[in-house]
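Novice: coords below, sequence missing:
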């Protein structure tokens with residue numbers, strides 16, 4: 001197999017994590033990253049083999065859609081992952097990334113992957129409200145979910161232990177499943193240092209549990225994809241948003257907001273998904289090679305890459321004049337009241353699992369263990 005000097009960031013991160021972070025929680029299975037077979041998708045032959053042991057297996061070209069810019073930390077990570085797939089398969093599986101939502105909007109990518117409009121997609125579950133309720137348990141504000149690596153381990157614990165979680169992803173081949181850094185408040189004119197500061201404020205949020213909790217805190221939440229936030233702030237259609245720090249910088253939002261509440265409210269689940277028909281079009285040998293650079297370990301690498309971008313993003317925000325606000329213990333306690341009320345009733349609204357309350361308890365226990 002042809003060697004390459006373009007060593008993937010995904011491999012570097014994941015190998016180091018595997019040896020350094022509790023040996024990747026020895027109880028995990030790297031290859032258990034999704035289910036196969038059923039929905040149609042297309043792969044495009046790319047010519048003859050490369051003279052390697054896989055030369056008779058054919059060549060394939062796939063598209064990957066993501067809404068972040070290709071120059072963002074996420075864009076760089078997935079470009080390096082795509083390069084690692086190419087290297088592992090001797091150049092016979094090529095993945096072309098369409099960044100910035102040019103192939104599919106953030107809200108459309110999951111449907112397009114399922115239906116074959118694109119072969120792969122980087123997907124945030126909150127954009128399809130109600131379709132991934134168990135996976136989105138880490139969306140519950142102030143319930144122990146705020147660290148990306150911890151919550152990534154929680155997601156894989158739940159994915160491996162509960163068939164109901166896997167069922168939520170049955171339309172796709174799951175290549176990665178992980179959490180972003182903790183989501184924080186940002187505002188243009190009024191700092192958010194207490195529950196009272198949210199009263200009457202219109203804030204962009206990514207949908208999910210935070211929508212209900214923001215309402216209980218007195219704010220007016222509005223679901224909005226990241227590319228629309230800048231202009232909405234400029235026009236004063238919204239006064240702020242909840243976002244993770246590197247996302248703020250990816251979309252230059254530090255130019256239009258000044259105050260940042262330095263408290264991680266919750267994590268958001270991200271995934272790299274593939275059309276099942278496209279996955280099934282690959283020979284088993286290629287599937288094994290791709291899973292070797294994907295799955296649990298690569299998910300930890302993606303979460304680490306996301307986390308590594310936070311410190312640099314905070315510097316960029318500060319250099320743009322941003323002010324970080326530390327919540328007092330009494331303010332945290334105020335926020336906690338409504339967050340706990342919502343979490344207490346969360347299980348009542350969850351279908352598809354017999355014991356939703358027990359599922360939440362397991363998720364919180366997993367976070368406590370890994371944290």
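Specialist: Nice, I can see it. Keep in mind the model is a prediction, meaning the values are calculated, not measured.
Novice: from memory residue 181 sits against residue 243, does it?
Specialist: No: counting by CB atoms under 8 Å, residue 181 sits too far from residue 243 to count as a contact (9.9 Å). In short, each C-beta sits where N, CA and C put it, glycine included.
Novice: Given the host helix or strand of residue 121, what are its sheet partners and their directions?
Specialist: Using DSSP states H and E, residue 121 maps to strand 120-124. Strand 120-124 has its sheet partners listed here by DSSP bridges as strand 60-65 (parallel), strand 269-275 (antiparallel).
Novice: Just give me the residue closest to the centre of the protein.
Specialist: residue 270 (2.0 Å; CA atoms, centre = their mean).
Novice: Against residue 364, how distant is that residue?
Specialist: Between residue 270 and residue 364 the computed distance is 21 Å (CB to CB, to the nearest Å).
Novice: and the strand holding residue 121, how far out from the chain's middle?
Specialist: Relative to the centre of its chain, strand 120-124 is centred 8 Å away, using CA atoms, centre = their mean, to the nearest Å.
Novice: buried stuff in it?
Specialist: 120-124 (16 or more other CB atoms under 10 Å).
Novice: Just the closest of these to residue 164, please.
Specialist: Nearest to residue 164, judged by CB to CB, of those is residue 123 at 19.2 Å.
Novice: In the sheet, which residues pair with the closest one? Tell me.
Specialist: residue 271.
Novice: from what I can see it touches residue 271, true?
Specialist: Yes: between residue 123 and residue 271 there is a contact under CB under 8 Å: 5.1 Å.
Novice: between the helix or strand harbouring residue 84 and strand 60-65, how many degrees?
Specialist: Using DSSP H and E, residue 84 maps to helix 73-88. Counting by axes from the mean of the first three to the mean of the last three CA atoms, to 10 degrees, helix 73-88 points 170 degrees away from the direction of strand 60-65.
Novice: Let me see the residues that make contact with the strand holding residue 121.
Specialist: Strand 120-124 has contacts (CB atoms under 8 Å, 6 or more residues apart in numbering) with 62-68, 74, 78, 95, 104, 106, 109-110, 112-113, 175, 206, 268-275, 278.
Novice: Swap in 7 Å and give it another go.
Specialist: With contacts defined as CB atoms under 7 Å, 6 or more residues apart in numbering, strand 120-124 is touched by 62-66, 78, 95, 104, 106, 109-110, 112-113, 206, 268, 270-274.
Novice: Same question for stretch 360-370.
Specialist: 137, 143-145, 150-151, 153-154, 157-158, 346-347.
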